[in-house]
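> after the sequence you'll find the predicted model.
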Amino acid sequence: MNKKRVNEWILPAREAIIRCKITEDGKSVIKTFRGQISSFGAAVVMGSLKSAVAFFTEQGGASVSREKLIVAMYYIINGKAYEIPEKTDEQIKAKEVFEWVCKSKDPDMKEKFIDASIALKLALNFFDLKEEKTKKNDKKEETQNAGKGEA
């Protein structure tokens, strides 16, 4: 980990969180993203960068769009966090990031992705963490409201 680089990337990571739509309202982030970004770092350290990026390129059974994290890290690493298109369909796709990683000859690429993931995790502290909306949470909320005489 390069502490200087992580520190320099925290504000760009905050911008990437907003522009990659990791936050929907610019104020809060679903808690699950925090766990996903932590598991990315572990996947890189325990496995390889290519396997971690490949895994995060697909939604799989994840409850949040982990592809957004890969895209955000790409823009952070390339110093383009403030140039991310506002519309997600105009942004680079996670599969293109995977291809970029596979073709890269940069010997520091693994460390850069780890640093970008740390910066993203730290930047999440700028936002309120919220529970994910699920059917289970909705039923729990309805039950609590029914007990208070609300519908």
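Now that the structure is in, tell me what you want to look at. Numbers count the residues shown, from 1 in each chain.
> this structure: helices as residue ranges?
3-19, 32-46, 49-57, 67-77, 94-103, 109-123, 135-147 (DSSP state H).
> out of the ones you listed, deepest packed?
helix 67-77 (a mean of 25; mean count of other CB atoms under 10 Å). Every C-beta, even on glycine, is put in place using the N, C-alpha and C of the backbone.
> packing partners of it?
helix 3-19, helix 32-46, helix 49-57, helix 94-103, helix 109-123 (3 or more CB pairs under 8 Å, 6 or more residues apart in numbering; DSSP states H and E).
> ok, which of these comes nearest residue 25?
Proximity of the helices and strands packed on helix 67-77 to residue 25 was assessed by CB to CB; the nearest stretch is helix 3-19, lying at 9.9 Å.
> neighbours of the closest residue to residue 12 other than its chain neighbours, how many?
On the basis of CB to CB, 6 or more residues apart in numbering, the spatially nearest residue to residue 12 that is not a chain neighbour turns out to be residue 81, at 3.5 Å. Under the neighbour criterion other CB atoms under 10 Å, residue 81 is assigned a count of 26.
> that older thread, minimum distance to residue 86: which of the helices and strands packed on helix 67-77 has it?
Nearest of the helices and strands packed on helix 67-77 (CB to CB): helix 3-19, 6.6 Å.
> what's the angle from that closest one to helix 32-46?
140 degrees (axes from the mean of the first three to the mean of the last three CA atoms, to 10 degrees).
> what about helix 3-19, distance to the chain center?
12 Å (CA atoms, centre = their mean, to the nearest Å).
> pLDDT below threshold where in the chain?
Along the chain, segments meeting pLDDT under 70 span 59-63, 134-151.
> gap between the residue nearest in space to the middle of it and residue 1?
With distances taken as CA atoms, centre = their mean, residue 69 lies nearest the centre of the chain, 2.8 Å away. Distance, residue 69 to residue 1, by CB to CB, to the nearest Å: 18 Å.
> before we move on, back to that, turn the helices and strands packed on helix 67-77 into JSON lines, including distance to residue 131.
Listed next are the helices and strands packed on helix 67-77 as JSON lines, based on distance: least, CB to CB, whole Å:
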{"stretch": "helix 3-19", "distance to residue 131": "18"}
{"stretch": "helix 32-46", "distance to residue 131": "9"}
{"stretch": "helix 49-57", "distance to residue 131": "22"}
{"stretch": "helix 94-103", "distance to residue 131": "25"}
{"stretch": "helix 109-123", "distance to residue 131": "19"}
